[in-house]
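Engineer: What would the 3D arrangement of this be:
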Amino acid sequence: MHVAAFTQRARSVNGPVRVGGVRGGVVARTVNGAVETSDTGSAALRMHTVNGKIRVRGHAGEVRVRTVNGTVRLNLTKLTGAVRIKSVSGSATIKLPRASGASVDLSTLSGRLSSDLPLQTTRKGRRSLAGTLGQGGPQIRARTVSGSVILTAL
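Structural biologist: Numbers count the residues shown, from 1 in each chain. Coordinates of the predicted model:
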């Protein structure tokens with residue numbers, strides 16, 4: 001098992017956390033506010049918020065995000081690590097280059113599941129969608145209780 005080294009940590013109780021232009025793993029947390037990153041290279045990201053949106057721009061590595069109440073938007077320039085999203089109340093949008101390879105597993109209890117990428121579907125139901133993008137690759141797993149999950153091209 002690979003353990004990521006987190007060299008950057010940012011925390012807030014009431015207000016946004018913004019991290020940009022850093023190299024090395026990032027852990028960003030807030031209770032009430034947005035968590036946003038940009039230009040973070042390919043290091044691992046861990047982002048948590050209780051009440052606020054999560055935005056990732058210009059990232060290529062592993063991403064793990066969790067929110068209780070807030071939307072998640074990931075713009076990934078390249079997929080080199082696993083992506084994990086957990087949301088209780090809020091939609092998740094994952095944007096990838098069209099030629100990305102990945103193993104995809106999406107689910108929601110109350111929301112819509114969709115992909116406009118060339119997904120070779122292995123499971124498709126009202127509450128779950130799974131398959132392979134391209135030749136496969138890192139796993140993308142997104143779970144929401146109340147919210148849509150959208151996989152789309154950059």
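Engineer: contacts and neighbour counts: CA atoms only from here.
Structural biologist: OK.
Engineer: For this structure, which residues score under the pLDDT cut-off?
Structural biologist: Along the chain, segments meeting pLDDT under 70 span 1-6.
Engineer: Do a quick rundown of the helices in this structure.
Structural biologist: Applying DSSP state H to the chain gives no helices.
Engineer: The closest residue to residue 79 other than its chain neighbours: how many residues sit nearby?
Structural biologist: Nearest residue to residue 79, sequence neighbours excluded (Cα to Cα, 6 or more residues apart in numbering): residue 60, at 5.4 Å. Residue 60: 21 surrounding residues under other Cα atoms under 10 Å.
Engineer: does residue 60 really touch residue 76, like I thought?
Structural biologist: Yes. If you go by Cα atoms under 8 Å, residue 60 and residue 76 touch, sitting 5.6 Å apart.
Engineer: in the sheet, who's paired with residue 54?
Structural biologist: Judged by DSSP bridges, the bridge partners of residue 54 are residue 35, residue 72.
Engineer: list the contacts for it?
Structural biologist: By Cα atoms under 8 Å, 6 or more residues apart in numbering, residue 54 lies in contact with 34-36, 47-48, 65, 67, 70-73.
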